[in-house]
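> structure, please.
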Amino acid sequence: DDNAADFTSGAPGPRNSASPTNPCSTEPPVTVDCGDALRTPVGEAASRTVTATDQNGTVVDIQITDVTPQPSAGTIALSDLMPATSEGGTASANVNVDDGVPQGSYSIEITATNADAEPQSGTCILTLEVLPPPTPIYELQGPGDTSSFDGQDVVTTGVVTVVVGNGLFLQDIEGDGDPATSMSCRKSPLPNSARQVAPGDVVVVDGTVDEFAPASRPRDLTLTELTDITVTTVDETDLPAPQVISDRPDEVISPAGIAEFERLEGMYVAIDSPTVVGATNSFGEFVTVASGDAGNLGPGGNIIVRDL
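Alright, predicted model coming up:
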């Protein structure tokens, strides 16, 4: 009760309509991250981990508060809630989509709440795309030189065997047992959201089939690709065993020789005891022959080409 000690005096600073504004913060007290759209083929279950933080509080609850439209079958549910353990910490939970949810697009509202005396909350929207049934890669490739799906939008799935530049190679896990069909194809270019994929990732890809040949080499055989793609990682697995190349049958280059290699297009292969028979080009590529073709080399290691 001592005004002289409790208060200090200063020059007045009145505010009016010309004064700079000083708005209150519009940042929500709880920030929720749903990530990119979740995509899965119809008939396949999928899940997504969502997270929530509060810089000035502790997030203790995450719930699904709305699904639009409501699926006519199957369930979309939340599990594995992990509350934050301290102020500013991260809470997480899994959104699970079972294999009975019909094809279509769904908006899932996720709400996270903190432990304040007057609880505060934040929301995010997780977009779920249940895609048409996947077309196996071996059907996309087919037994011929080009795909009958060229120009069509498709969904497929498989395991990533290699990531090269801005693309990846994807191979069917089971295969069809038909030696005439390749079980692999290339996906390019990769969207930014798919840059973290790695060999062994099982992914779902939707995009447009394209038979690609570089403009600088128009006489090259085309490579079956998917373009304008979206990639969703759904699992991990071991790489398939490589197709071992030990010998190539003596065939006329066209058409029999081309067909012999077309069935291996994009596939994960291994060459038995290869011998390098050509210089390395600007792409880091070099020519080899397998052990069974050693008899087709001259004394200097050059390939012998002869009439059949």
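> would you mark the buried spots in the helix or strand I258 falls within?
With the criterion set as DSSP states H and E, the secondary-structure element containing I258 is helix 258-262. With burial defined by 16 or more other Cβ atoms under 10 Å, the residues of helix 258-262 counted as buried are E262. Yep, even glycine has a C-beta here, placed from its N, CA and C like the rest.
> now that helix: how far from the chain's centre is it?
29 Å (Cα atoms, centre = their mean, to the nearest Å).
> likewise stretch 259-276?
Averaging C-alpha positions (Cα atoms, centre = their mean) puts stretch 259-276 26 Å from its chain's average.
> list the buried ones in it?
By neighbour count, with 16+ other Cβ under 10 Å as the criterion, the buried positions of stretch 259-276 are E262, R263, E265, G266, M267, Y268.
> so for that stretch, what's the average pLDDT?
Taken as a whole, stretch 259-276 has a mean pLDDT of 83.
> for that stretch, measure first residue to last.
For stretch 259-276, the separation between the terminal residues is 23 Å (Cα to Cα, to the nearest Å).
> do the same with stretch 156-171
End-to-end distance of stretch 156-171 (Cα to Cα): 10 Å.
> what are the buried residues along it?
By neighbour count, with 16+ other Cβ under 10 Å as the criterion, the buried positions of stretch 156-171 are 156-163, 167-171.
> in strands only, show me those.
Secondary structure of those is defined by DSSP state E; positions in strands are 156-163, 167-171.
> ok, so of those, who is nearest N3?
V163 (73.0 Å; Cβ to Cβ).
> turn the buried residues of stretch 156-171 into CSV, columns for distance to T58 and pLDDT.
Listed next are these as CSV, based on distance: Cβ to Cβ, whole Å; pLDDT from 0 to 100:
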residue, distance to T58, pLDDT
T156, 43, 91
T157, 40, 90
G158, 42, 90
V159, 40, 92
V160, 38, 92
T161, 44, 91
V162, 44, 88
V163, 39, 87
G167, 44, 83
L168, 40, 87
F169, 45, 89
L170, 42, 89
Q171, 46, 90
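> now render those residues as CSV, adding distance to V95.
As requested, these are arranged in CSV below (distance: Cβ to Cβ, whole Å):
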residue, distance to V95
T156, 24
T157, 20
G158, 24
V159, 24
V160, 24
T161, 29
V162, 31
V163, 27
G167, 30
L168, 26
F169, 30
L170, 26
Q171, 29
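> ok, for D220, nearest residue in space, not its chain neighbours?
The spatial neighbour of D220 that comes closest, neighbours along the chain excluded (Cβ to Cβ, 6 or more residues apart in numbering), is A213 at 4.9 Å.
> what sits against the one you found?
D220, L221, T222, L223 (Cβ atoms under 8 Å, 6 or more residues apart in numbering).
> so what's the residue count around the last one?
L223 has 15 neighbours, counted by other Cβ atoms under 10 Å.
> now do the closest residue to it other than its chain neighbours against E262, distance only.
On the basis of Cβ to Cβ, 6+ apart, the spatially nearest residue to L223 that is not a chain neighbour turns out to be F212, at 5.0 Å. F212 sits 15 Å away from E262 when distances are taken as Cβ to Cβ, to the nearest Å.
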